[in-house]
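Undergrad: give me a 3D structure for the following:
(one chain, ligands or ions: 1)
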Amino acid sequence: MPKNKLKYSIKTLKIGLMEVHKLQSWIVPITIFDSVFKSIAPFINIYMVGKIIDRLLKTKDINNIIFLIGLTIGLNFIIHLISNGLEHLHTILKDIMIQNQDMKINEKIINMDYEHIENPKTHTLRTKISEAENMNGGGIIAFVRYLGELVKGLATVIISIIIGAGLFKLDMTGVGYLNFINNRIFSYGFLVLVLLGTIFNLHLKTISDKKLFKHFSEIMSANRILAFYYERIQDYNAGKEIRLYNQRKIFNEEVGGFIQSLKGLFKKIESMNTKYSGIDAFISSLLGGMVYIFVGLKAISGSISAGSIVQYTGSINQFMAGSTEILTSINNIINNNQYLQLYIDFLNIEGEKYKGTIPVEKRDDNEYEIEFRNVSFKYPGTDEYVLKNVSVKLNIGERLAIVGMNGSGKTTFIKLLCRLYDPDEGEILLNGIDIKKYDYEEYMGLFSIVFQDFKLFSFSLGQNIAAAVDYDEKFVEKVIEDVGFIDRLETMPRGISTPLYKDFDKDGVEISGGEAQKIALARALYKDSPIIILDEPTAALDPIAEFEIYSKFNEIVGTKTAFYISHRLSSCRFCDEIAVFHEGSIIQRGDHEDLLKDEDGKYYELWYSQAQYYNEGETA
Ligand code: ADP
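TA: Predicted structure coming up:
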């Protein structure tokens, strides 16, 4: 491994270990204990059976032999008891650790700046972490498992050396022609042979592990695509499209193709496994045979006792198994680093944008002045400016409409205003001070916003509107009335406590797009902020509901400042001022009448291109 890569790997491991400790501080010590006890278990039999055989051959002291057998059974019992206890504890701690990890990831997501949430890189990272964990057993949990295997391998090798080293003592003597077995060259020659054989097998294992890991990555990519298709198939919204456009065939063919490629991969893995495990079995049996011959000859020559045959053959076999385990776990730890790194990268997503400290002035007259000064912005990871040098002063206390074609930058303008993103160039000022300098929560408290792609959750209607567990029922009912939802409320089985959707409760109600939009509007009104912003506020409403909302709007909004974003110009006519967005800039401002006077202007063009849909009386 190149030096830099090694340094990098060690750094990842260090951070991984610290992260494991933070998630569950007891899991590493318990894993170590558990592994050590697991490695001790086989040696009890190896050691004690040897001793019992020797006693059987040497003495006829039945009591002593019964004592040794009892001791063996007792030791086995104790070690297995402790080992089982530790394993249970380990499983419990591991489950806690998995939950803590999920919580940590969720907390990270919920506290992350919005721009990271919208960034595809964040999604890819999150998906990869889940995939690695669910499909490949890679990541932080796997790291703990491999660590345990490494400790177990190390302990096995150490104990086997302690118990087996006696075989290579040079002062052994035997009788007759077989004494050559104690010869220094022969003894060391045999030792070197065992080590070489073991190293060869380990080398083989490294190669096959590497290949296996490579195949796992391929399986992961194929699984990702499969999971995507399965998710779509199960989504009942997609069910409509699949049936209406008869897309079953595309799905079947695409899914079939991937299943086929997965089958091919499994076959490859299978044949690779057969090849490598065949060679491994051959070398291992050869080595095993040699060990039995060597130890047997020592026993026949009288250099060691008959009972020691069990002790020495057992420890050499354990030595070989332990070394394989060490190497496998090291390979796994190194290969797993890439998955561990995903988790570390995710936690390292630079979260916090600058959040100032200046309190926002509470004004009864709602006299706030907002100014965009030469603001330009492009979305992270893109090259094109979505807003270009926008300068505008917003008259607070009025109704401002923001109009323009799709994609002209209207929503982005609002996202910047409410600090979901910060401008790349220029600044946004509230009462003359850069909005970044204000206390973030207080600043956000100035805005009630209904985005076009608002979301409601599977809580009760009241909780959705109040965005809180406990709420003022009277006020919830008032805003429900204001947005024209009262008739629908009366049909709800548990009034404002009725859950939305059926995810958690069978009494949950399904709601239409228009109804959802009214609830979202009610949520904005409940927040009761001085500035209310509505992004295509009536897009999902029927004409009557739309009319009701508009006719009541002045009453609903009261003294608040209201910004409307819409591509439907007729719904903005009643605003005091209209700003026309085009290709990321504000190109016109004024009231409806003024704007229409400029026959070369964008507003004129937009108005008359839509006017054909309204009757003459309305457009006039
Ligand atoms: P409007 O509200 O006027 O329809 P938007 O402000 O939503 O327009 O979008 C302006 C441009 O920015 C569009 O070209 C859109 O594709 C792009 N855009 C919007 N959101 C993102 C995003 N999260 N990442 C990259 N580009 C985006």
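Undergrad: so how many other residues sit close to residue 12?
TA: Using other CB atoms under 10 Å, residue 12 is surrounded by 20 other residues. C-betas here are computed from N, CA, C, even on glycine.
Undergrad: my guess is it contacts residue 337, does it?
TA: Yes - using CB atoms under 8 Å, residue 12 is in contact with residue 337, at 4.9 Å.
Undergrad: show me where the stretch 401-550 of the chain has its helices.
TA: 410-417, 440-444, 461-466, 473-482, 486-490, 513-527, 543-557 (DSSP state H, counting those that start in this stretch).
Undergrad: just the strands in the stretch 101-250 of the chain please.
TA: Assigned by DSSP state E, counting those that start in this stretch, the stretch 101-250 of the chain shows no strands.
Undergrad: quick one on the thing from earlier: a markdown table please, covering the helices of the stretch 401-550 of the chain and showing distance to residue 51 and mean neighbour count.
TA: Shown next, in a markdown table, are those (distance: least, CB to CB, whole Å; neighbours: other CB atoms under 10 Å):
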| stretch | distance to residue 51 | mean neighbour count |
| --- | --- | --- |
| helix 410-417 | 77 | 22 |
| helix 440-444 | 72 | 15 |
| helix 461-466 | 71 | 23 |
| helix 473-482 | 80 | 17 |
| helix 486-490 | 83 | 12 |
| helix 513-527 | 78 | 21 |
| helix 543-557 | 90 | 15 |
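Undergrad: using TSV, lay out those helices together with distance to residue 310 and mean pLDDT.
TA: Shown next, in TSV, are the helices of the stretch 401-550 of the chain (distance: least, CB to CB, whole Å; pLDDT from 0 to 100):
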stretch	distance to residue 310	mean pLDDT
helix 410-417	75	93
helix 440-444	71	89
helix 461-466	70	95
helix 473-482	79	93
helix 486-490	81	92
helix 513-527	75	91
helix 543-557	87	72
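Undergrad: minimum distance to the ligand: which of these has it?
TA: The ligand lies closest to helix 410-417 among the helices of the stretch 401-550 of the chain, at 3.3 Å (CB to the nearest ligand atom).
Undergrad: sorry, back to before: between the helices of the stretch 401-550 of the chain, which gets nearest to residue 583?
TA: helix 410-417 (11.7 Å; CB to CB).
Undergrad: in contact with the spatially most central residue of the chain, which residues?
TA: Here the mean C-alpha position of the chain is nearest to the C-alpha of residue 126 (CA atoms, centre = their mean), at a distance of 3.6 Å. Applying CB atoms under 8 Å, 6 or more residues apart in numbering to residue 126 gives the contacts 105, 109, 346.
Undergrad: show me the contacts for the first one.
TA: With contact taken as CB under 8 Å, 6+ apart, residue 105 is in contact with 126, 129, 346.
Undergrad: with the last one instead?
TA: With contacts defined as CB under 8 Å, 6+ apart, the neighbours of residue 346 are 105, 108, 122, 125, 126, 129.
Undergrad: now these in CSV, with distance to residue 470?
TA: Shown next, in CSV, are those (distance: CB to CB, whole Å):
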residue, distance to residue 470
105, 28
108, 27
122, 32
125, 36
126, 32
129, 35
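Undergrad: flag the least confident of the contacts of residue 126.
TA: Lowest in pLDDT among the contacts of residue 126 is residue 109, which has 89.
Undergrad: per-domain residue ranges of this protein.
TA: Per automatic domain parsing, the structural domains of the chain span 3-347, 370-456+511-619, 457-510.
Undergrad: ok, which of those domains comes nearest the ligand?
TA: Nearest to the ligand among the domains of the chain is domain 370-456+511-619; the distance by CB to the nearest ligand atom comes to 3.3 Å.
Undergrad: does that closest one reach the ligand?
TA: Yes - counting by CB under 6 Å from any ligand atom, the ligand is contacted by domain 370-456+511-619 at 379, 382, 386, 404, 406, 407, 408, 409, 410, 411, 412.
Undergrad: the third one against residue 411, yeah?
TA: No - between residue 386 and residue 411 no contact is recorded; they are 9.6 Å apart, counting by CB under 8 Å.
Undergrad: okay, now the unreliable bits of the stretch 251-400 of the chain?
TA: For the stretch 251-400 of the chain, applying pLDDT under 70 flags the ranges 351-353, 363-367.
Undergrad: flag every residue of it that's near the ligand.
TA: Residues of the stretch 251-400 of the chain lying near the ligand by CB under 6 Å from any ligand atom: 379, 382, 386.
Undergrad: now do the same contact list for the first one.
TA: Applying CB under 8 Å, 6+ apart to residue 379 gives the contacts 118, 386, 412, 421.
Undergrad: kindly recompute the last result at 7 Å.
TA: Contacts for residue 379 (CB atoms under 7 Å, 6 or more residues apart in numbering) come out as residue 386.
Undergrad: just say helix, strand or coil for it.
TA: Assigned with DSSP: H, G, I helix; E, B strand; the rest coil, residue 379 falls in the coil class.
Undergrad: contacting residues around residue 598?
TA: residue 604.
Undergrad: ok, residue 329 next?
TA: 146, 149, 150, 153.
Undergrad: phi and psi next, for the residue in the stretch 201-350 of the chain positioned nearest to the ligand.
TA: When scored by CB to the nearest ligand atom, the stretch 201-350 of the chain has residue 349 as its residue closest to the ligand, at 16.1 Å. For residue 349, the backbone dihedrals are phi -50, psi 120 (criterion: degrees, to the nearest 10).
Undergrad: wait, it sits on residue 113?
TA: No - Residue 349 lies out of contact with residue 113 (CB atoms under 7 Å); the separation is 8.8 Å.
Undergrad: more neighbours, those two?
TA: The residue with more neighbours, out of residue 349 and residue 113, is residue 113; 18 against 15, by other CB under 10 Å.
Undergrad: am I right that residue 394 is in a strand?
TA: Yes - under three-state DSSP, residue 394 sits within a strand.
Undergrad: what's the closest non-adjacent residue to it?
TA: Nearest residue to residue 394, sequence neighbours excluded (CB to CB, 6 or more residues apart in numbering): residue 370, at 4.4 Å.
Undergrad: wait, is the one you found part of a strand?
TA: Yes - checked against three-state DSSP, residue 370 lies within a strand.
Undergrad: please name the residues that touch it.
TA: If you count contacts by CB under 7 Å, 6+ apart, residue 370 has them with 394, 396, 430.
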